[in-house]
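Peer 1: Below are the sequence and a predicted model; questions follow.
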Amino acid sequence: MNTMDSTPPDHAQTARPYYLACGNEERLFKAAYRQGLSILLKGPTGCGKTRFVEAMAHELGRPLITVSCHDDLTTADLVGRYLLNDGRTTWCDGPLTKAVRDGAICYLDEVVEARQDTTVVLHPLADHRRQLPIERLGVTLDAAPGFCLVVSYNPGYQSVLKDLKDSTRQRMVAIEFGYPPADAEERIVAAESGVDPKTAADFVRLAQAIRRLETGGLREVASTRVLIAAGRLVAEGLTPVEAAKAAVVGPLTDDVQVGAGLRKMIDLYLGEGTA
Ligand SMILES: Nc1ncnc2c1ncn2[C@@H]1O[C@H](COP(=O)(O)OP(=O)(O)OP(=O)(O)O)[C@@H](O)[C@H]1O
Ligand SMILES: [Mg+2]
């Protein structure tokens with residue numbers, strides 16, 4: 001099943017989701033949005049891509065419709081289908097069609113998970129045409145003003161089998177994300193978890209050491225997200241060492257030796273008596 005949710009369009013009533021910019025990503029996004037260009041967000045897990053789109057949608061005053069892509073996702077899941085209702089068939093818009101009609105920001109998360117025959121439907125939408133052909137209805141919709149297609153993927157997970165077609169990629173402008181610089185990440189971890197600045201700084205130093213491991217046997221390194229989870233455990237009264245072991249080691253690896261190595265690093269960076 002694909003998940004679909006939309007934020008309320010009445011952004012004036014809500015605070016902008018907290019997002020701390022780390023480069024020119026906000027200027028880039030807004031420029032692309034104003035030009036009606038589609039946007040490709042690239043970056044590792046837990047580095048802030050989703051939060052960034054939420055903040056941009058809020059700032060631009062557009063509804064946000066999110067679809068988590070997976071390999072069973074069909075064109076009908078995106079565009080819509082006829083459903084049987086009380087013995088009658090009625091058309092039901094999919095999330096992409098709804099976004100096109102409403103002038104919403106449509107965010108396709110982990111788009112490479114979707115099969116290429118599914119993403120082909122994005123082509124006329126993603127380029128200057130800004131059109132969505134709906135074969136089953138025999139119509140082609142022009143995207144309403146404000147519509148913007150945003151897709152994300154994590155290049156680290158990429159396999160030869162799973163890649164976006166070049167013709168899809170070249171219809172988009174890319175914004176590259178990495179983990180935030182140390183000072184920004186410390187602020188983010190403190191703000192999101194409520195830990196004091198020193199604890200946030202310790203977690204970030206640990207994460208940076210893990211990120212420097214080149215042959216650590218890890219598929220992914222410690223993300224900003226896991227540091228925030230560790231911070232939340234500290235806010236509940238656990239020690240930083242306990243919190244980091246629970247929030248960082250288990251989520252990162254099942255390998256006993258790699259796990260033991262990470263635990264040692266945690267003792268070293270966060271244990272009693274560390275500066
Ligand atoms: N620059 C930032 N400003 C504010 N919060 C951030 C920032 N970067 C990361 N975060 C925090 O990190 C958490 C994880 O970020 P997010 O869910 O946006 O990651 P993601 O890149 O979408 O990951 P995934 O690829 O796994 O979906 C967010 O809930 C947010 O608390
Ligand atoms: Mg995300």
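Peer 2: That came through fine. Ligands and ions are numbered 1, 2, ... in the order given.
Peer 1: Strands along the stretch 51-200 of the chain, start to end?
Peer 2: 64-68, 80-85, 88-93, 105-109, 131-134, 139-142, 148-153, 172-176 (DSSP state E, counting those that start in this stretch).
Peer 1: how about those strands in JSON lines, adding mean pLDDT, distance to ligand 1 and mean neighbour count?
Peer 2: Every C-beta, even on glycine, is put in place using the N, C-alpha and C of the backbone. Shown next, in JSON lines, are those (pLDDT from 0 to 100; distance: least, Cβ to the nearest ligand atom, whole Å; neighbours: other Cβ atoms under 10 Å):
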{"stretch": "strand 64-68", "mean pLDDT": "96", "distance to ligand 1": "9", "mean neighbour count": "22"}
{"stretch": "strand 80-85", "mean pLDDT": "92", "distance to ligand 1": "25", "mean neighbour count": "12"}
{"stretch": "strand 88-93", "mean pLDDT": "94", "distance to ligand 1": "25", "mean neighbour count": "12"}
{"stretch": "strand 105-109", "mean pLDDT": "96", "distance to ligand 1": "6", "mean neighbour count": "26"}
{"stretch": "strand 131-134", "mean pLDDT": "95", "distance to ligand 1": "25", "mean neighbour count": "18"}
{"stretch": "strand 139-142", "mean pLDDT": "96", "distance to ligand 1": "28", "mean neighbour count": "13"}
{"stretch": "strand 148-153", "mean pLDDT": "94", "distance to ligand 1": "7", "mean neighbour count": "24"}
{"stretch": "strand 172-176", "mean pLDDT": "95", "distance to ligand 1": "12", "mean neighbour count": "16"}
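Peer 1: Ok, which of the ones you listed comes nearest Ala184?
Peer 2: Closest to Ala184 of those is strand 172-176 (Cβ to Cβ; 15.7 Å).
Peer 1: residues in contact with the closest residue to ligand 1 within the chain?
Peer 2: Closest approach between the chain and ligand 1, counting by Cβ to the nearest ligand atom: Gly48, at 2.5 Å. The contact partners of Gly48, by Cβ atoms under 8 Å, 6 or more residues apart in numbering, come to Tyr19, Cys22, Phe177, Pro180, Ile188, Thr224.
Peer 1: Ligand 1 next: which of these are close?
Peer 2: By Cβ under 6 Å from any ligand atom, the members of these lying near ligand 1 are Tyr19, Cys22, Pro180, Ile188, Thr224.
Peer 1: May I see those residues organised as JSON lines, with pLDDT and neighbour count added?
Peer 2: Shown next, in JSON lines, are those (pLDDT from 0 to 100; neighbours: other Cβ atoms under 10 Å):
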{"residue": "Tyr19", "pLDDT": "98", "neighbour count": "19"}
{"residue": "Cys22", "pLDDT": "94", "neighbour count": "19"}
{"residue": "Pro180", "pLDDT": "96", "neighbour count": "20"}
{"residue": "Ile188", "pLDDT": "98", "neighbour count": "24"}
{"residue": "Thr224", "pLDDT": "96", "neighbour count": "23"}
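Peer 1: Can you give me the neighbour number for the closest residue in space to Arg219 that isn't next to it in sequence?
Peer 2: Closest residue to Arg219 apart from its sequence neighbours, by Cβ to Cβ, 6 or more residues apart in numbering: Gly156 at 7.5 Å. Counted with other Cβ atoms under 10 Å, residues neighbouring Gly156 total 12.
Peer 1: Good, we can wrap up now.
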